[in-house]
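A.B. asks: mind folding the following:
(4 chains)
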Number of protein chains: 2
Amino acid sequence: MANPMYRQIADGLREQIESGGLQPGEQLPTELELRERYSASRNTVRDAIKWLMNLGLVETRPGQGTFVVKKIAPFVTTLSGDPGTGDGVIFQIQVSKHGRTPYSSPVQVEIQKANAGVGAELGLPEGSQVVSRHQKRFIDGTPWSLQTSFYPRGLAVQGADDLLLADNIEKGAVQYLAETLGLKQVGYRDWITVRAPDATEADFFKLPQDGRVAVFEIFRTAFDQTGTPMRVTVTVFPTDRNQFIVEIGDAPEPRGQQSTEDQGS
Amino acid sequence: MANPMYRQIADGLREQIESGGLQPGEQLPTELELRERYSASRNTVRDAIKWLMNLGLVETRPGQGTFVVKKIAPFVTTLSGDPGTGDGVIFQIQVSKHGRTPYSSPVQVEIQKANAGVGAELGLPEGSQVVSRHQKRFIDGTPWSLQTSFYPRGLAVQGADDLLLADNIEKGAVQYLAETLGLKQVGYRDWITVRAPDATEADFFKLPQDGRVAVFEIFRTAFDQTGTPMRVTVTVFPTDRNQFIVEIGDAPEPRGQQSTEDQGS
DNA sequence: GGGTATTTGTCCGTATGTATT
DNA sequence: AAATACATACGGACAAATACC
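C.D. replies: Numbers count the residues shown, from 1 in each chain, chains lettered A, B, ... in the order given. Next up is the predicted model:
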């Protein structure tokens, strides 16, 4: 009896879940029933359920019960796309291609002082101003990613006025910059990290506030034909519904989205 | 008073941590002290600390106390390397280049029946046999990743006998296959997911068993000059000490590892 | 090694609040 | 309004891990 009782209870339930005895979406016995079944106090049963919650296996709904989590059908984004295309356009294309419905919110534009990370990445002097363009993205109505692009303020001054327009740029900001300023995006570097969501992100993605579900944070720095960084785009994706693909060298087309276990809705 | 008391206590402590009032590695007040400071019961104080633990801000050590977590200096792996080089060689090069010390355990070789995922990815019929080569990797003595490569059993039969040797192949398995069978790796596809670690992984990486710290799982399918998959490599990396970079098109060299906040030891 | 104090971990019982049906 | 089920909060008891003498 090495393990504490709440772990044994948790393991028992876990086995039922992983063996399929309890299907995704199905309700677990109530705390009272578990208390009797395992001859434990209600608090001990609750500890077991908290453990399973931290593992992401179950979720509780006050007034209803405890349920086996249904996995969200993940969306797979290919990071190694055309080096000359903007992120918004890529999102629309990739999502549509898989028969799902993309939606991008109107762009929220601000002029900000660059913070340390973005300023350094863009190669701007301390305290420079940047144009920030923020968007929320959805797939099939589900909140999917939060994206903010930063452009040097100088670009807008040099003639790319529409960068300051609080509206989607039809052909994408990258294409627009190519047409107005001759700035061609010839490559980018993505820096991928995983962290706990902040309160705003948890709220938007409807994630639990306690940080159980982490988010990807992808910093994309894009370069023009002179090797100068022309934008930094920071996109945040919940890890419970996003996966990524990178293709290097010659790789045949994948056979479609690996839908691990699409447990539908 | 919208928030429950344990959240208020947690927020108070959180502010002290994020403002720097409590430094990484520093000990928090004991449960007894917090109980008096906030006029709450010990269990309520413990709920507050559990909340902070889930957020990854503190850790508890039985018999000692509760401490602000010290972040591990992350290692950044570039996924978009030379399309013709194997993963083991890349690991050695990249880690050494940043002045850190790589170590790869001896290879553990097994012949297995391919599971559904690997078999499909390699394009093998149901139930085919594969050679599995497993390695543990460390950086500066810290467990860093678990890697398993799968090769079609046929390759060993066709003359690549050393695939079955339980030992590191000096120049890397990929180079070895090129020399013996003329199989050149010309590209690969990485599929990046994040999930909770299983018990074995949590144990090896010294992660908490409750799944607070997630792991990256990267499926790399590598292709030979005929477009045929020649290997599948699955690597697991804890998200608390790993980040990734992908470079597409023309991107200048990064200025070195972004050492977010290297909070030393 | 032993003994003791400190600190967190587990487990119990109970009461009351809040969300949902 | 009533019943059900989870959420919060309190108090107490003992166990286990650690540090120190």
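A.B. asks: show me what contacts residue A:199?
C.D. replies: Contact criterion Cβ atoms under 8 Å, 6 or more residues apart in numbering or on different chains gives residue A:209 as the residues in contact with residue A:199. For every residue, glycine as well, the C-beta is placed using N, CA and C.
A.B. asks: would you mind measuring from the closest residue to residue A:70 other than its chain neighbours to residue B:84?
C.D. replies: When the adjacent residues along the chain are set aside, residue A:70 lies closest to residue A:24, with 4.5 Å between them (Cβ to Cβ, 6 or more residues apart in numbering or on different chains). Computed as Cβ to Cβ, to the nearest Å, the residue A:24 to residue B:84 distance reads 42 Å.
A.B. asks: coming back round to it: name the SS class of the residue nearest to residue A:70, please.
C.D. replies: Secondary structure assignment for residue A:24 (DSSP: H, G, I helix; E, B strand; the rest coil): coil.
A.B. asks: give me every residue that touches it.
C.D. replies: Contacts for residue A:24 were tallied using Cβ under 8 Å, 6+ apart; they are A:68-71, A:263.
A.B. asks: shaky segments in chain A?
C.D. replies: Applying pLDDT under 70 to chain A picks out residues A:1-2, A:254-265.
A.B. asks: which stretches in it count as helices?
C.D. replies: Under the criterion DSSP state H, chain A contains helices at A:5-19, A:31-37, A:42-54, A:87-97, A:116-122, A:153-157, A:173-181, A:199-205.
A.B. asks: could you dump the contacts of residue A:24 to JSON lines with neighbour count and distance to residue B:154?
C.D. replies: As requested, the contacts of residue A:24 are exported to JSON lines (neighbours: other Cβ atoms under 10 Å in any protein chain shown; distance: Cβ to Cβ, whole Å):
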{"residue": "A:68", "neighbour count": "19", "distance to residue B:154": "41"}
{"residue": "A:69", "neighbour count": "17", "distance to residue B:154": "40"}
{"residue": "A:70", "neighbour count": "14", "distance to residue B:154": "40"}
{"residue": "A:71", "neighbour count": "14", "distance to residue B:154": "35"}
{"residue": "A:263", "neighbour count": "15", "distance to residue B:154": "35"}
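A.B. asks: tell me which of the residues you listed fall in strands.
C.D. replies: Here DSSP state E is the test, and these give residue A:68 as lying in strands.
A.B. asks: so which bits of chain A are right by DNA strand D?
C.D. replies: Within chain A, the positions lying close to DNA strand D (Cβ under 7 Å from any atom of the strand) are A:28, A:30-32, A:43, A:46, A:49, A:60-66.
A.B. asks: show me what contacts the residue most central in space within chain A?
C.D. replies: Nearest residue to the geometric centre of chain A (Cα atoms, centre = their mean): residue A:237, 0.8 Å. Contacts for residue A:237 were tallied using Cβ under 8 Å, 6+ apart; they are A:77, A:144-145, A:215-216, A:218.
A.B. asks: identify the residues contacting stretch A:28-45?
C.D. replies: Stretch A:28-45 has contacts (Cβ under 8 Å, 6+ apart) with A:5-6, A:9, A:12-13, A:22, A:46, A:48-49, A:58, A:65-68.
A.B. asks: quick one: end-to-end distance for that stretch.
C.D. replies: By Cα to Cα, to the nearest Å, the extent of stretch A:28-45 from end to end equals 12 Å.
A.B. asks: of the helices of chain A, which is nearest residue A:246?
C.D. replies: Closest approach to residue A:246 among the helices of chain A (Cβ to Cβ): helix A:87-97, 13.7 Å.
A.B. asks: what packs against that closest one?
C.D. replies: With contacts defined as 3 or more Cβ pairs under 8 Å, 6 or more residues apart in numbering or on different chains; DSSP states H and E, helix A:87-97 has these neighbours: strand A:75-78, strand A:102-104, strand A:129-139, strand A:142-152, helix A:173-181.
A.B. asks: so how far is that helix from its chain's centroid?
C.D. replies: Taking Cα atoms, centre = their mean, to the nearest Å, one finds helix A:87-97 lying 15 Å from the centre of the chain it belongs to.
A.B. asks: flag every buried residue along it.
C.D. replies: Of the residues in helix A:87-97, those with enough neighbours to count as buried (16 or more other Cβ atoms under 10 Å in any protein chain shown) are A:87-91, A:94-95.
A.B. asks: so it versus strand A:142-152, what angle?
C.D. replies: Following axes from the mean of the first three to the mean of the last three Cα atoms, to 10 degrees, one obtains 160 degrees for the angle between helix A:87-97 and strand A:142-152.
A.B. asks: from residue A:76, how far off is the residue in the stretch 101-250 of chain A that DNA strand C sits nearest to?
C.D. replies: In the stretch 101-250 of chain A, no residue comes nearer to DNA strand C than residue A:206, which is 12.6 Å away by Cβ to the nearest atom of the strand. When Cβ to Cβ is applied, the distance between residue A:206 and residue A:76 equals 21 Å.
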